[in-house]
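Chemist: got a structure for you, letters missing:
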């Protein structure tokens with residue numbers, strides 16, 4: 001759970017842009033927005049990583065969080 005005004009950090013692989021575009025609806029429903037995106041390369045493995053800073057704008061509707069069955073049957 002993230003408080004209003006708080007941030008959530010999501011570390012993603014090189015497919016972050018694809019995941020972000022698929023998550024636009026979820027961001028709206030959960031009242032959050034992407035504040036910053038950082039791209040970097042892991043020092044040893046030399047693999048791309050993306051760090052996404054997501055900020056909570058206002059309270060989330062009381063119907064969230066949902067049960068696992070609801071998440072599987074109706075993704076955001």
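Modeler: Ah, there it is. Just so it is clear, the model here is predicted, and its values are computed rather than measured.
Chemist: From now on I want contacts and neighbour counts done on CA atoms only, so please keep to that.
Modeler: Noted.
Chemist: residue at max distance from the center of this protein?
Modeler: In the chain, the greatest distance from the average C-alpha position (Cα atoms, centre = their mean) is reached by residue 44, at 25.9 Å.
Chemist: what's the first-to-last distance across stretch 65-76?
Modeler: 11 Å (Cα to Cα, to the nearest Å).
Chemist: follow-up on the earlier one: next, the residue farthest from the centre of the chain: phi, psi?
Modeler: Here the main-chain torsion angles of residue 44 (degrees, to the nearest 10) amount to phi -90, psi -50.
Chemist: Same check on the one 3 residues further on?
Modeler: Residue 47 has phi and psi values of phi -100, psi 140 when expressed as degrees, to the nearest 10.
Chemist: hang on, it packs against residue 15?
Modeler: No: using Cα atoms under 8 Å, residue 47 is not in contact with residue 15, being 11.7 Å away.
Chemist: Tell me, how many residues neighbour residue 55?
Modeler: Applying other Cα atoms under 10 Å, we find 21 other residues in the vicinity of residue 55.
Chemist: for the closest residue to it other than its chain neighbours, what are its contacts?
Modeler: With Cα to Cα, 6 or more residues apart in numbering as the criterion, residue 55 has its nearest non-adjacent residue at 4.4 Å, and that residue is residue 7. Contact analysis of residue 7 by Cα atoms under 8 Å, 6 or more residues apart in numbering lists 53, 54, 55, 56.
Chemist: Return the residues in contact with the second one.
Modeler: Residue 54 sits next to 7, 8, 9, 10, 32, 33, 34, 35, 36 when contact means Cα under 8 Å, 6+ apart.
Chemist: so the fourth one, which of the three states?
Modeler: Per DSSP: H, G, I helix; E, B strand; the rest coil, the local secondary structure of residue 10 is strand.
Chemist: In contact with it, which residues?
Modeler: Counting by Cα under 8 Å, 6+ apart, residue 10 makes contact with 51, 52, 53, 54.
Chemist: Since that was my last question, I'll sign off now.
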